[in-house]
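> Here's my sequence, what's the structure:
(2 chains)
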Amino acid sequence: MAQCTVRTATVFGIEAVAVDAEVDVGAGLPTFAIVGLADIAVQEARERVRSAVRAAGFNVPNARIVVNLAPGPLRKHGTGFDLALAVGLLTATGQLNPSIARDCAVVGELSLDGSVRAVRGMLAHALAARAQRRPLLGPAESAESLALHGLDYRPLTHLAQLRSGVPAAVVGALPTVLPSDSEADFADVAGHDLAKRALLIAAAGAHNILMVGPPGSGKTMLARRLPSILPPLDDTERVETALVHSVAGIDDVPALAGIRPFRAPHHSASIAGLVGGGSPPRPGEASLAHNGVLFLDEMPEFGPAALQSLRQPLEDGHITLVRAEGRLLFPARFALVGAANPCPCGFRGDAQRRCSCATGVVERYQARIGGPLMDRIDLVVDVARVDPGLLLSRGQSIASAQLRDQVLAAREIAAARDVADNRVLTGVALLSACALQDRATRFLEDAARAQHLSGRGVTRLLRVARTCADLAGESAVTVEHLSEALGYRAKDGA
Amino acid sequence: MRALETSAPRFELALGEPEYPTQLAEAPDPPKVLYGIGDPALLVPGLAVIGARKATPYGLQAGALFAGWAARSGYTIISGGAIGCDQSAHRAAIDAARPTVAVLGCGADLVYPSGAQRLLQDVASLGAVVSEQPWGTPPQRWTFRTRNRIIAGLSAALLVLEAGLPSGTFSTADYALAAGREVFVVPGSIFAPECRGANRLLSQGATPVCDVSELAAALKLVLPLGRSCAEMWQLPDHCASDDPVLTALRTHHWRPDDLARELELDVVALAQRIGALETAGLVARFSDGRYGATAPR
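Next up is the predicted model:
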């Protein structure tokens, strides 16, 4: 047998696209060539395969070896083809049982000593193999995170193991780490009662929130504790989120364990860093925060273009990248948490320090976030510096565990309405969800008139009020909920 | 720096010309030439209404109340076009469709502050935008201090809405006293840094103005106009309140967190109460997140 085709795949976006590795071993000068738009990492597979095959006790034929990666026009990246090439080579030269190449999809990187290493995007490969109803032969170290229902995973530690055929399938289970293990707890934060309440509402309704306050007032400290009150991911969300993490090459076990991602990119982040890009295209921070929280500290300091690039994901829940190779869709349904100083010097409205900024400068600074983005932020809360006496008093600060119970109860009520998050409620669905009585309607009209609320402003107010009602366990939005929500509206009443 | 887009005519009045406003000519150090856009005949003695740029809702409401009343009573409202109190005074006169004069620190054909295009257009069409700076002169730090002299000189009396410490308002008050104009001041809370300057003017001898009838009586002595707007605003008796939240906000500006702790209220209950008071128009939120009481109706 001089030819063999092995099924493998390459990651494009968050998808594993099927690739056939055709290995031909024939007469001629001894060479090893790989064709089919393979990048440098794929070309280097020759050396790894040669050494690994020898180290595993097999023979590398003294012949002309040609590998074709099909389909030809697709660019192939990365080191995941190593194992497939080795299997193809060994099968073509009769050193392996042909059933391995016939039945399995094969993905994995080879070490020079023949051991099999994990590659990024293993979860994408697993999902593709499951969709094709094929067993997936891959690195053993990925087995733990690939406990997908319906996947037949064959873990391999060393190439030599193949001599005894395909390894037995593993049955794993999704890892279970409870989010309560996170160390940051709201109980450690003194004061800031209103900001905590606003974050509770944001967590319960998955609302976007902006915290405004002077430096050192505790905005970042508060934001870092938000994950401790978020509900765990459900099973579908776990896989969706872990998939993005997997193709980005970061640890996907926390997401598979149900912990919502919390991403906090620095304000020097580029557009590609935030929404994804590069070659090959990689998901950005907004996608890594899928089903979780994207925290932008010092929000007005982000580049305006980078900041505005978040408008599409905030609206649609995904990012579309258009490249010469095709159109890519990265999921990016996240709750945005922003923190901003009130002015460039940071001390506007501070009780002790005097603000040194001119009025016009303050307005320009606050306008940097921009109207369209502010339109998508449901809650704005002021965070003042806490009195030192209060910091030291160590009073009865509410703990994250209690807050998380409230979030879970509120989400249960919201789930009964059959809408994912209150953040996405609009129009008729929002109105019917709120079930306003006459008194509440009149109050809303008065408030809208008094505060010059725009249509969007009213929508945001209603969404937040709906979550307040969920937290109170009530089916209808009343005057109390609307009046509380009013306090979280954006400054200029828009 | 953008130009003022208006169809109102330009004028230049040299000191000594018959159209040059008499009261300004008689004040100390009158400008040699007064450049303006609008109607020079409206540069009659009026009420100057000024205050801090970083205004609180208190100052803005006081501006709307007193400048609105004075405009409806026939007084020309003179101010500096600045953000905050000045603009609230101009806006009150514009809303009453009465003449108002803006004295700028840059050339009268330029828009400064940059967001005031619309406001200055309205001022030019109802009254006049004037300056001693030649056309096209960009604003300088010192030109604002010297234009305060013109605000004082054009007016018959000066009303200070709100002033912190230090404040540019003091220079206008000094010019007004030098020109022999009456200085009225709206008193503020002794706890609020935003009111410290205004209260100091009062302790130095300025006339306090606590409601419209007081302003009316004081203005009648300085500048009798023959007629006066009948409506008289006073703090209504029905506003006496036993709501601790409203009472606290009337005496002081509070952050919700601090007020909840002071009143030993749950922060959610307090937020709900403040929302209701805000909708009723009794309290307002400052741009820095604090709340304070507003003019009750």
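> give the contact list for the residue in chain A positioned nearest to chain B.
Nearest to chain B, among the residues of chain A, is A:Gly349, at 2.4 Å (CB to the nearest CB). C-beta coordinates here come from the backbone N, C-alpha and C atoms, glycine included. Residues near A:Gly349 by CB atoms under 8 Å, 6 or more residues apart in numbering or on different chains: A:214, A:342, A:355, A:382, A:384, B:286-290.
> Now render those as TSV, adding distance to A:Arg327, secondary structure and pLDDT.
Listed next are those as TSV, based on distance: CB to CB, whole Å; DSSP: H, G, I helix; E, B strand; the rest coil; pLDDT from 0 to 100:
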residue	distance to A:Arg327	secondary structure	pLDDT
A:Pro214	44	coil	86
A:Pro342	41	coil	84
A:Cys355	47	coil	77
A:Asp382	42	strand	88
A:Ala384	46	coil	85
B:Phe286	48	coil	79
B:Ser287	44	coil	74
B:Asp288	46	coil	74
B:Gly289	44	coil	79
B:Arg290	49	coil	84
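> Chain neighbours aside, what residue packs nearest to the residue of chain B positioned farthest from its centre?
Within chain B, B:Asp266 marks the point farthest from the mean C-alpha position, 37.8 Å out by CA atoms, centre = their mean. Nearest residue to B:Asp266, sequence neighbours excluded (CB to CB, 6 or more residues apart in numbering or on different chains): B:Ala260, at 7.0 Å.
> Name the nearest residue to A:Asn208, sequence neighbours excluded.
A:Leu336 (4.0 Å).
> Shouldn't that neighbour be within a strand?
Yes: under DSSP: H, G, I helix; E, B strand; the rest coil, A:Leu336 falls within a strand.
> In this structure it contacts A:Arg376, no?
Yes: the pair A:Leu336 and A:Arg376 qualifies as a contact (CB atoms under 8 Å) at a distance of 7.4 Å.
> The two: which has the busier surroundings?
Taking other CB atoms under 10 Å in any protein chain shown, A:Leu336 and A:Arg376 do not tie; A:Leu336 has more neighbours (24 against 16).
> Tell me who's in contact with that one.
Counting by CB under 8 Å, 6+ apart, A:Leu336 touches A:208-209, A:293-294, A:296, A:310, A:314, A:376-377.
> how about a cut-off of 10 Å?
By CB atoms under 10 Å, 6 or more residues apart in numbering or on different chains, the contact set of A:Leu336 is A:202, A:207-210, A:286, A:289, A:293-296, A:299, A:310, A:313-314, A:373, A:376-378, A:423.
> How about B:Glu12?
Residues in contact with B:Glu12, defined by CB under 10 Å, 6+ apart, are B:33-36, B:40, B:108, B:134-135.
> if you set the cut-off to 8 Å instead, what comes out?
B:Glu12 makes contact with B:33-36, according to CB under 8 Å, 6+ apart.
> One more: B:Ala271?
Neighbours of B:Ala271 in contact, by CB under 8 Å, 6+ apart: A:194, A:197, A:483-484, A:487, B:256.
> just A:Ala41 next, same as before
With contact set as CB under 8 Å, 6+ apart, A:Ala41 has these partners: A:77-79.
> restrict these to those near chain B?
For chain B, no contacts are drawn from the contacts of A:Ala41 by CB under 8 Å from any CB of the partner chain.
> For ChimeraX, write a command that selects the buried ones of those.
Restricted to buried positions by 16 or more other CB atoms under 10 Å in any protein chain shown, the ChimeraX selection for the contacts of A:Ala41 reads:
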select /A:77,78,79
